[in-house]
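> got a predicted model here, sequence first, then my questions.
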Number of protein chains: 2
Amino acid sequence: MDEIRVIEVKRSVFESNDREADRLRAELRQRGTFLLNLMSSPGSGKTTTLERTIEALSDELRIAVMEADIDSDVDTRRVLAKGVRAIQLHTGGMCHLDAGMTRQGIDELGTDDTDLAFLENVGNLVCPAEFDTGASANAMILSVPEGDDKPLKYPLMFQVCDVVLVNKMDVAPYFDFNLDRLRANVARRNERARVIPISAKTGEGMDDWYEWLREQVRAWQA
Amino acid sequence: MDEIRVIEVKRSVFESNDREADRLRAELRQRGTFLLNLMSSPGSGKTTTLERTIEALSDELRIAVMEADIDSDVDTRRVLAKGVRAIQLHTGGMCHLDAGMTRQGIDELGTDDTDLAFLENVGNLVCPAEFDTGASANAMILSVPEGDDKPLKYPLMFQVCDVVLVNKMDVAPYFDFNLDRLRANVARRNERARVIPISAKTGEGMDDWYEWLREQVRAWQA
């Protein structure tokens, strides 16, 4: 297995995170790299979803991954095993990524020949939503066991997301989880957010997710 | 139903959060109030666990609850319905509670005639672990669907906790979750942490949790 590249990312010194985010986004568009900021609670299935996505799309899209993790390289090893470029961002205990930290990652990762880059953010429904990373779009994964009331309790996360993946649909029968109620709760926060029920484990719904990604990359590179 | 009391808690102005936390803890000991800081990811079952605990112990212990939530009063309503004193702490989007915020809550809640007070912290495995709230002890709930690798990824949370409740054991057969592996991962971070597997839904293991709470209150008031 490749040696894992670990980047110690520092809190941004930029006066305005939003301005730095816009600048990074413009550069990524020029290079034709669609960067997806992937957020969720701990344990919702971000890495498993990424693994499946890489398997499904790496023949047609050039993919790279940045893993932000607090103190382990478990996730980066799993992604590297899928044969794509991946680096790990050490946040030094920080609970989120900002645009400056994302840029440090992008510079180290390199985006030549990259159509689709994933930023796996810190597992946290609060802080990551407060900082524009400069990504082309925001995605979140909500897993069925977390409950359908989460848009009521973590409103900002749902407001900033372009797509909400509802993962672990295969265990829905064992939980008091109602997909229609979840859709209504998401819509209260964000009418434009696309909701896609999936199971990264069984593959259910994953084709809809892949199609959403293909459309985004196509539009970004047009 | 009672009107819900909502407190807007502000970030602490105290120079040293640790000093303020120690002061609050000493006062709580003098008053004989054991305050438990309850932390977890979103959707791990904090409120359901509290509901069951209140039902089981409110005949023998005088219980009160502070609910920190970002933008809904769902949890406070559920706890009030169990007939105990409860207030809601609005954190204004903050991702954690510090000792100053906890004191504002305690002052408003009042601790006369309170043996056991719960502070339901913001659902987040990162930031709440970084701030001593002044509580008598720290507890966290890890739910089975989140995975047994969480102590590797959120080390500080497991380091600061006196007890780890492993909730949703009833759905363990549907997940790749190994309790022995979890125990080993917790022990790597914190050898003293007590691990108690429970299901707040079916009641499994809850007696061990109640006994742990009784012992803590007894020792605190001795």
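Thanks, I have it. Numbering: from 1, shown residues only, chains lettered A, B, ... in the order given.
> what's the helix or strand for the most centrally placed residue in chain A?
The residue lying closest to the centre of chain A (C-alpha atoms, centre = their mean) is residue A:38, at 1.1 Å. According to DSSP states H and E, residue A:38 maps onto strand A:34-40.
> so for whichever helix or strand comes after that strand, mean pLDDT?
Next helix or strand after strand A:34-40 toward the C-terminus (DSSP H and E): helix A:46-57. Average pLDDT, helix A:46-57: 95.
> mind giving me the packing neighbours of helix A:46-57?
strand A:34-40, strand A:63-69, helix A:74-80, strand A:116-120, helix A:206-221 (3 or more C-beta pairs under 8 Å, 6 or more residues apart in numbering or on different chains; DSSP states H and E). C-beta: built from backbone N, CA, C; applies to glycine.
> correct me, but the residue nearest to the centre of chain A touches residue A:119?
Yes - with contacts counted by C-beta atoms under 8 Å, residue A:38 reaches residue A:119, the gap being 6.5 Å.
> thinking again about what came up before, for the residue nearest to the centre of chain A, what are its contacts?
Each residue near residue A:38 by C-beta atoms under 8 Å, 6 or more residues apart in numbering or on different chains is listed here: A:46, A:49-50, A:118-121, A:139-141.
> repeat that with 10 Å
A:46-47, A:49-50, A:53, A:65-66, A:68, A:118-121, A:128, A:135, A:137-141, A:161, A:163, A:165 (C-beta atoms under 10 Å, 6 or more residues apart in numbering or on different chains).
> got a pLDDT number for it?
97.
> and it, how far from residue B:75?
Applying C-beta to C-beta, to the nearest Å, the value for residue A:38 to residue B:75 is 27 Å.
> what is the burial count for the nearest residue to residue A:194 once chain neighbours are set aside?
Once flanking residues are discounted, residue A:194 sits nearest to residue A:163: 4.6 Å by C-beta to C-beta, 6 or more residues apart in numbering or on different chains. Per other C-beta atoms under 10 Å in any protein chain shown, the neighbour tally for residue A:163 reads 21.
> in contact with residue A:163, which residues are there?
By C-beta under 10 Å, 6+ apart, residue A:163 lies in contact with A:36, A:38, A:137-141, A:192-196, A:208-209, A:212-213, A:216.
> that one bridge partners, please.
Residue A:163 has these beta-bridge partners by DSSP bridges: residue A:139, residue A:194.
> residue A:127 contacts residue A:68, correct?
No - Residue A:127 is not in contact with residue A:68 according to C-beta atoms under 10 Å; the separation is 11.7 Å.
> and the residue nearest to residue A:194, what pLDDT?
At residue A:163, pLDDT is 98.
> now it: how far from chain B?
To chain B, residue A:163 is 19 Å away according to C-beta to the nearest C-beta, to the nearest Å.
> what do you get for residue A:87?
With C-beta to the nearest C-beta as the criterion, residue A:87 and chain B are 17 Å apart.
> for the helices and strands packed on helix A:46-57, which has the smallest mean pLDDT value?
Among the helices and strands packed on helix A:46-57, helix A:74-80 scores lowest, at a mean of 83.
> anything in that one near chain B?
Yes - on the criterion C-beta under 10 Å from any C-beta of the partner chain, helix A:74-80 is in touch with chain B at A:74-75.
> mind listing what's buried in that helix?
Neighbour-count burial for helix A:74-80, counted by 16 or more other C-beta atoms under 10 Å in any protein chain shown, picks out A:75-80.
> ok, now stretch A:51-59?
A:51-54, A:56-57.
> got it, and stretch A:106-122?
For stretch A:106-122, using 16+ other C-beta under 10 Å, the buried residues are A:106, A:109, A:111, A:114-122.
> which residues sit in contact with residue A:165?
Counting by C-beta under 10 Å, 6+ apart, residue A:165 has contacts A:38, A:40, A:44-46, A:49, A:139-143, A:194-198, A:200, A:205-206, A:208-209, A:212.
> still on that earlier bit, so the strand holding residue A:38 versus helix A:206-221, what angle?
Counting by axes from the mean of the first three to the mean of the last three C-alpha atoms, to 10 degrees, strand A:34-40 lies at 140 degrees to helix A:206-221.
> and strand A:34-40, which strands flank it?
As assigned by DSSP bridges, strand A:34-40 forms pairs with strand A:116-120 (parallel), strand A:137-143 (parallel).
> include distance to residue A:155 when you put those into TSV, please.
Listed next are these as TSV, based on distance: least, C-beta to C-beta, whole Å:
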stretch	distance to residue A:155
strand A:116-120	22
strand A:137-143	12
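> any weak-confidence spans in chain A?
Chain A contains residues with pLDDT under 70 at A:1-4, A:6-15, A:69-72.
> with just CA atoms, put stretch A:139-150 into CSV.
This file holds the C-alpha atoms of stretch A:139-150, laid out as CSV (Å, rounded to 0.1, in the frame of the first residue of the first chain):
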residue,chain,number,x,y,z
ALA,A,139,-23.5,17.1,0.1
MET,A,140,-24.5,15.5,3.4
ILE,A,141,-25.3,12.0,4.4
LEU,A,142,-28.0,11.4,7.0
SER,A,143,-28.3,7.8,8.0
VAL,A,144,-31.6,6.2,8.9
PRO,A,145,-30.7,5.4,12.6
GLU,A,146,-30.1,9.1,13.3
GLY,A,147,-33.8,9.9,12.8
ASP,A,148,-36.0,11.9,10.5
ASP,A,149,-36.1,14.9,12.8
LYS,A,150,-32.5,16.0,12.2
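> more neighbours, residue A:127 and residue A:68?
Higher neighbour count among residue A:127 and residue A:68: residue A:68, with 27 against 24, using other C-beta under 10 Å.
> returning to that earlier point: so which of the helices and strands packed on helix A:46-57 is nearest residue B:102?
strand A:34-40 (27.6 Å; C-beta to C-beta).
> for residue A:123, give me its contacts.
Applying C-beta under 10 Å, 6+ apart, the residues contacting residue A:123 are A:39-44, A:46, A:68-70, A:75, A:95, A:141, B:41, B:124-126, B:146, B:150, B:153-154.
> repeat for residue A:160
The contact partners of residue A:160, by C-beta under 10 Å, 6+ apart, come to A:37, A:39, A:128-132, A:137-138, A:140, A:189-190, A:193.
> neighbour count and distance to residue B:220 added to those, as a markdown table?
Shown next, in a markdown table, are the contacts of residue A:160 (neighbours: other C-beta atoms under 10 Å in any protein chain shown; distance: C-beta to C-beta, whole Å):
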| residue | neighbour count | distance to residue B:220 |
| --- | --- | --- |
| A:37 | 28 | 44 |
| A:39 | 27 | 39 |
| A:128 | 28 | 37 |
| A:129 | 24 | 37 |
| A:130 | 15 | 37 |
| A:131 | 22 | 40 |
| A:132 | 20 | 45 |
| A:137 | 19 | 50 |
| A:138 | 23 | 45 |
| A:140 | 28 | 40 |
| A:189 | 19 | 41 |
| A:190 | 18 | 45 |
| A:193 | 20 | 46 |
